[in-house]
Structure formats: structure tokens, C-alpha cells
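Chemist: Build me a model from this:
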Amino acid sequence: MIIKKRERYFFCFSLFLIGIPLFAAIPIQDGALRGASATEARQKLLQAARVYLGTPYRYAGVDRRGMDCSGFAYTSFRDSLGQTIPRTAEGIYNWAEKIPASELQPGDLVFFVTVGSAVSHLGIYTGSGVFIHAASEGPNTGVIYSHMSEPYWQRTFKSAGRALPRSGDAESVIASAERNTRLSGSLGSGLAESGYFVGFGASWNWFGKGEGFPSAFRGVSLLASAGYKWQRYSLDMELRPHFDVSLNVFRLPFTLSLGTDTFRVFAGPAYTFGTPYFQLKDGLRLYEGDIWLLEAGASAALPTITIGRGALIPYADLAWQSYRHKDGFKARPDLAANLRLSTGLRYNWYF
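Modeler: Below you'll find the model as predicted:
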């Protein structure tokens with residue numbers, strides 16, 4: 001059968017139109033993964049993306065000097081799989097296969113409308129509600145981890161997208177992604193870590209200067225803790241022994257601590273070994289010793305430093321440590337006796 005020239009053109013054009021949605025539906029085919037399985041391809045992508053954590057934000061940037069969100073995704077696909085993807089957030093959105101958020105796997109994409117009405121931001125999903133992206137605004141910018149449950153990302157979320165074939169071993173990808181997230185973690189950047197942890201630390205104690213005290217230095221404290229961290233909050237049990245030079249006693253508080261990565265409150269019983277006293281100008285002020293009383297306070301942390309499988313955290317505590325007077329209640333020395341400021345470092349190790 002002879003096909004007329006006009007019909008042949010129409011046939012080719014129809015194939016072209018059909019081919020566009022087919023290509024858009026599955027942007028990167030199994031055969032383009034250089035022999036890697038879908039699971040391996042997703043793991044390679046996440047590993048390549050993680051390398052750029054901490055890179056500053058730079059509009060149109062595609063290297064360690066700075067990246068924007070689409071440049072980060074573009075570079076991650078190029079480095080891990082040798083694949084060239086569209087260069088803009090809207091271009092990647094139009095190119096990717098749209099999927100329900102409930103079907104997200106690590107290595108998929110998440111898209112947001114942060115300005116205007118078109119897609120203007122994207123990130124690479126790493127599992128458990130976490131994605132990695134190059135943020136241009138907010139308390140932390142550059143390549144960081146964020147969580148889909150944060151109000152801003154909930155409000156601006158547009159769609160989920162798939163650029164790689166679906167993994168038949170999603171559990172393996174998720175486990176690998178969560179392990180890498182914990183190892184790369186960024187508590188100060190809002191990373192929502194999860195799992196058990198143990199910690200230890202040491203600090204200098206202050207706020208000892210008062211009538212009869214020669215200096216503001218109060219002594220030293222140690223910290224040992226064990227707990228569990230959810231997406232944004234953690235709960236842990238702490239042992240906070242400290243030697244109080246001002247009162248010449250040793251205290252052993254057992255506290256329960258609850259809060260976020262940057263702010264926590266703690267409270268619990270504390271045992272005082274020895275007899276605390278002030279040597280004041282008008283005589284000796286005695287408190288009851290060898291007794292269980294209370295310690296409570298708040299703790300604030302600075303941005304963390306990731307080391308190995310944990311985080312080094314500079315922190316400050318403001319604690320109220322109760323004492324009971326032997327000679328009746330007198331408020332004058334109470335502020336110096338009861339209030340203690342500590343500054344130090346702690347290290348949390350995550351399982």
C-alpha cells in the first residue's frame with residue numbers, strides 16, 4: 001500500500017505527539033541506568049545529593065560555590081547517573097511523572113509553589129517525610145534537609161514526581177536514605193532525625209558570685225543522657241552531676257528532658273551530698289544537706305557540628321536548684337545559691 005506524502009507527514013507528526021507524553025511519563029528508563037537497578041540508581045542519586053550538604057545558595061549555581069534548587073537537582077542527577085535533566089524547577093516538574101504523595105520513594109522529587117502560581121522550588125525526597133534541597137530563604141539556607149510536615153512546606157506543596165523507575169526494593173532504599181540522613185544530619189538546619197540516641201557532655205558552671213563569693217565561677221558539671229528522637233522533638237533521661245564550689249557540695253540530679261534540637265526544658269529530683277553553706281559577712285548561713293530536693297531549668301543549643309554518627313552541640317543551661325534553710329527562710333542569698341548558669345559542649349550519638 002502506497003502512503004501519500006501528506007498522510008506520511010501526518011503519521012509521523014502523530015507519532016511525535018504520542019511520544020511526548022510517553023517520554024514524560026517515565027523520564028529515565030531502566031535501560032538508561034548504565035546497568036544499575038532502580039534501587040541502585042536511587043541510592044546513587046541520594047549519595048550524590050548528600051555530598052553537597054552545606055553548599056551555599058546561589059541563583060543559577062551548579063557547583064560547590066553555590067546552587068539553586070533546580071541546579072542542585074540537575075547536578076545530583078548528572079553526578080550520580082550521568083543524566084541530563086531540565087534546568088529549571090518548572091521544567092523538571094513538567095518533565096517528571098506525577099505521582100500521589102503517598103507513593104513517594106527515596107529518590108523521587110517533591111515540588112512546591114513558593115511564589116506566584118507556577119512551580120518555583122523542588123527537592124529530592126529521602127524518605128520518612130524528609131527531603132534535601134537548596135533553600136534560598138529561612139533560618140537556614142543552602143543545601144539542607146527539611147521535613148514535609150513543616151508548616152511552610154505543607155502550605156506550598158504542589159505535587160510529587162518520579163524521575164527514576166519505581167524501586168521494587170523500597171525498604172532497602174529507605175533504610176539507606178535514613179542511615180545517610182542520620183550520618184549527615186543537621187540538627188541546626190532543621191533536620192528531623194528519628195531514633196534512639198545517647199549523649200554525654202561537660203560544662204562550666206557560673207552565677208556563683210555574691211556576698212562571700214570571690215568569683216562568678218561555680219564549678220563543673222557532667223551530662224549523660226539516653227533517649228529517643230521523633231521528627232521534631234525528643235525525650236531523654238539525664239544524669240547531671242556537678243560540684244558546686246560556691247556551696248562546697250556535690251549534687252546529683254536525675255532529670256527528664258523534653259524539647260527540640262535548639263530548646264529544651266528539664267526537671268527532676270536532685271540529691272545533695274554534704275552540707276551547703278554560705279560564709280557571709282554577718283556569719284554562716286547553713287542549708288540542709290544529704291537530702292532529695294528539686295532541680296529544673298531550660299537549655300538552649302547553638303547550631304551543631306556533625307562528627308561521625310553524631311553531633312557536637314554547644315549549649316547553655318539555666319537551672320534552678322532548690323535548697324532548704326536550716327535557720328529559717330531568708331531570701332537574701334537565695335538567688336546566688338539557687339540559680340546556676342552552665343555553658344559547655346555535648347555530643348549526641350545516634351543509632
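
Chemist: what's the nearest residue to Arg64 if we skip its chain neighbours?
Modeler: The shortest distance from Arg64 to any non-neighbouring residue, by C-beta to C-beta, 6 or more residues apart in numbering, is to Thr55 (5.5 Å). Every residue, glycine included, has its C-beta placed from N, CA and C.

Chemist: in stretch 152-170, what's buried?
Modeler: 153, 158-167, 170 (16 or more other C-beta atoms under 10 Å).

Chemist: Spell out the residue ranges of the helices in the stretch 151-300 of the chain.
Modeler: Counting by DSSP state H, counting those that start in this stretch, the segments of the stretch 151-300 of the chain that form helices are 151-156, 170-184.

Chemist: Could you identify which of those helices has the lowest mean pLDDT?
Modeler: Mean pLDDT is lowest for helix 170-184 out of those, coming in at a mean of 54.

Chemist: Specify which member of the buried residues of stretch 152-170 is nearest to Ala135.
Modeler: Trp153 (10.2 Å; C-beta to C-beta).

Chemist: Help me confirm that Ala41 comes into contact with Gln83.
Modeler: No - counting by C-beta atoms under 8 Å, Ala41 does not reach Gln83; the two are 9.3 Å apart.

Chemist: Okay, now the unreliable bits of the stretch 101-250 of the chain?
Modeler: Along the stretch 101-250 of the chain, segments meeting pLDDT under 70 span 139, 169-194, 208-215, 231-232.

Chemist: residue ranges for the strands of it, please.
Modeler: For the stretch 101-250 of the chain, the strands defined by DSSP state E, counting those that start in this stretch cover 109-112, 121-127, 130-135, 142-147, 157-162, 195-206, 219-229, 234-239, 242-244, 249-259.

Chemist: Tell me which other helices or strands the second one touches.
Modeler: Which is strand 121-127. Packing partners of strand 121-127 (3 or more C-beta pairs under 8 Å, 6 or more residues apart in numbering; DSSP states H and E): helix 38-50, helix 69-81, helix 89-95, strand 109-112, strand 130-135, helix 170-184.

Chemist: contacting residues for Tyr74?
Modeler: For Tyr74, the contacting residues are 62, 84-87, by C-beta atoms under 8 Å, 6 or more residues apart in numbering.

Chemist: okay, it: pLDDT?
Modeler: What the model reports as pLDDT for Tyr74 is 96.

Chemist: quick one: it from Ser117, how far?
Modeler: 23 Å (C-beta to C-beta, to the nearest Å).

Chemist: Same question for His147.
Modeler: Applying C-beta to C-beta to His147 and Ser117 gives a distance of 25 Å.

Chemist: more neighbours, these two?
Modeler: Using other C-beta atoms under 10 Å, the more surrounded residue of His147 and Ser117 is His147, with 16 against 6.

Chemist: No more questions from me, cheers.
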